[in-house]
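> Provided below for reference: sequence and predicted model.
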Amino acid sequence: MHVSHLSLADFRSYARAEVPLDPGVTAFVGPNGQGKTNLVEAVGYLATLGSHRVSSDAPLVRMGADRAVIRAAVTQGERRQLVELELNPGRANRARINRSSQVRPRDVLGIVRTVLFAPEDLALVKGDPGERRKFLDELITARSPRMAGVRSDYERVLKQRNTLLKSAAMARRHGGRSMDLSTLDVWDQHLARAGAELLAQRLDLIATLQPLADKAYEQLAPGGGPLALAYRSSVGEAVDAAVHSSREELCTALLGALAEARKQEIERGVTLVGPHRDELLLRLGDLPAKGYASHGESWSYALALRLASYDLLRAEGSEPVLVLDDVFAELDARRRERLAELVAPAEQVLVTAAVDDDVPDVLTGVRYGVSGGEVTRL
């Protein structure tokens, strides 16, 4: 699978941009702040419905415009599709496939698949647990686009449940009458069902990803491992090892943990149990990677997770587009060359770099110069 044409309207710094793309390596080269990352960010948005740089859509719309449009022609074998997203901050986004059919934005998931390498990836190792949960959930959705609906359902139920718990906590603190919390049992059921599906997918993903990540780390830093992934659940130790547990068993475990935590949740006014509180644990050798791995080891770990993601998606379906956003400038010469050699055979690789020398020689292909919002083939 590859993107054969990218079209932007009022996206970030671009009033308009039309960029033909070929299989193989395409590098966007130019000084910082000229719009290179905006191009690959748009491709990534089509794959995930989100940006790797910001958490909301508002910054993605060009100043003075009220909406932005990302459109891409996607080729997979003999099949071509045109996918379009219209970003409307403060209102519902719109999506189209092949121009004729308007669909929900999440219906476009799976048409474009990407694996993104970026400087922000260091947060996978050094950042807070939310970064690692996001990594897992985006990869889960890339494997199975229907999980976008499950994640949305879980977030909606969690929000409703937290609102109820917060109101109960406020009433209790101010000496008011106790609230009727009978509806909490209903929300528990909804949370447990969606949470069990999400939890099962995460556990399966980690078990599948583990050997791939360990192999990738050995390729990037020979003799530096072993690398290990583990899952710590807020439900307890029974779930930590429950890779093969059924959804029903996980749902029952979640309901039990919610019942046990209810008194504390009412006191604190927040949901304390569920996938939103869980953690992906990263170990390097005998020690946790966070806090113990060196800067270079942390980079190798983050890159190994991305390479493992690429290998997994390629093995399970169409090959994803590899996006390397200003990564090579962050790496020492050894890691730079090893990473370039590993990604070079991919069907499509999109690279951004401030100067041409930052792109390793093995990544030969098309070069675009990016300056002042203009994209010019060199």
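Cool, got the structure.
> CA only for contacts and neighbour counts going forward, please
Will do.
> measure the spatially closest residue to R143 that is not a sequence neighbour to S298 for me?
Distance criterion C-alpha to C-alpha, 6 or more residues apart in numbering; nearest residue to R143, sequence neighbours excluded, is L313 at 6.6 Å. Note on L313: its distance to S298, by C-alpha to C-alpha, to the nearest Å, is 23 Å.
> host element of the residue nearest to R143?
Using DSSP states H and E, L313 maps to helix 295-316.
> For the stretch 201-350 of the chain, just list every one of the strands.
For the stretch 201-350 of the chain, applying DSSP state E, counting those that start in this stretch gives strands covering 227-232, 279-284, 287-288, 321-325, 348-353.
> Render the CA-only coordinates of the helix holding L313 in CSV, please.
In CSV, the C-alpha atoms belonging to helix 295-316 read as follows (Å, rounded to 0.1, in the frame of the first residue of the first chain):
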residue,chain,number,x,y,z
HIS,A,295,19.6,8.4,26.2
GLY,A,296,20.9,6.2,23.3
GLU,A,297,19.3,3.0,24.8
SER,A,298,16.0,4.9,25.2
TRP,A,299,16.1,5.9,21.5
SER,A,300,16.8,2.4,20.5
TYR,A,301,13.9,1.1,22.6
ALA,A,302,11.5,3.6,21.1
LEU,A,303,12.7,2.8,17.5
ALA,A,304,12.4,-0.9,18.3
LEU,A,305,8.7,-0.5,19.3
ARG,A,306,8.0,1.3,16.0
LEU,A,307,9.9,-1.2,13.9
ALA,A,308,8.0,-4.0,15.6
SER,A,309,4.8,-2.2,14.9
TYR,A,310,5.7,-2.1,11.2
ASP,A,311,6.7,-5.8,11.1
LEU,A,312,3.4,-6.7,12.8
LEU,A,313,1.2,-4.7,10.5
ARG,A,314,3.0,-5.9,7.4
ALA,A,315,2.6,-9.5,8.5
GLU,A,316,-1.1,-9.1,9.2
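> got the angle for that helix vs strand 227-232?
Counting by axes from the mean of the first three to the mean of the last three C-alpha atoms, to 10 degrees, helix 295-316 points 80 degrees away from the direction of strand 227-232.
> if we can go back for a sec, can you lay out the strands of the stretch 201-350 of the chain as JSON lines showing mean neighbour count?
Listed next are those as JSON lines, based on neighbours: other C-alpha atoms under 10 Å:
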{"stretch": "strand 227-232", "mean neighbour count": "19"}
{"stretch": "strand 279-284", "mean neighbour count": "19"}
{"stretch": "strand 287-288", "mean neighbour count": "14"}
{"stretch": "strand 321-325", "mean neighbour count": "25"}
{"stretch": "strand 348-353", "mean neighbour count": "25"}
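> Quick one: closest of these to L258.
Nearest of these to L258, taken as C-alpha to C-alpha: strand 227-232 at 16.4 Å.
> Give the rounded mean pLDDT of the helix holding L313.
Helix 295-316 shows a mean pLDDT of 95 in the predicted model.
> now the helices: where do they sit in the stretch 151-300 of the chain?
Here the stretch 151-300 of the chain has its helices, by DSSP state H, counting those that start in this stretch, at 183-220, 237-240, 247-268, 295-316.
> The longest one: which residues count as buried?
Under the neighbour-count criterion of 16 or more other C-alpha atoms under 10 Å, helix 183-220 has 184, 187-203, 205-206, 209-210, 212-220 buried.
> tell me what it is packed against?
helix 129-143, helix 147-173, strand 227-232, helix 247-268, helix 295-316, helix 333-343 (3 or more C-alpha pairs under 8 Å, 6 or more residues apart in numbering; DSSP states H and E).
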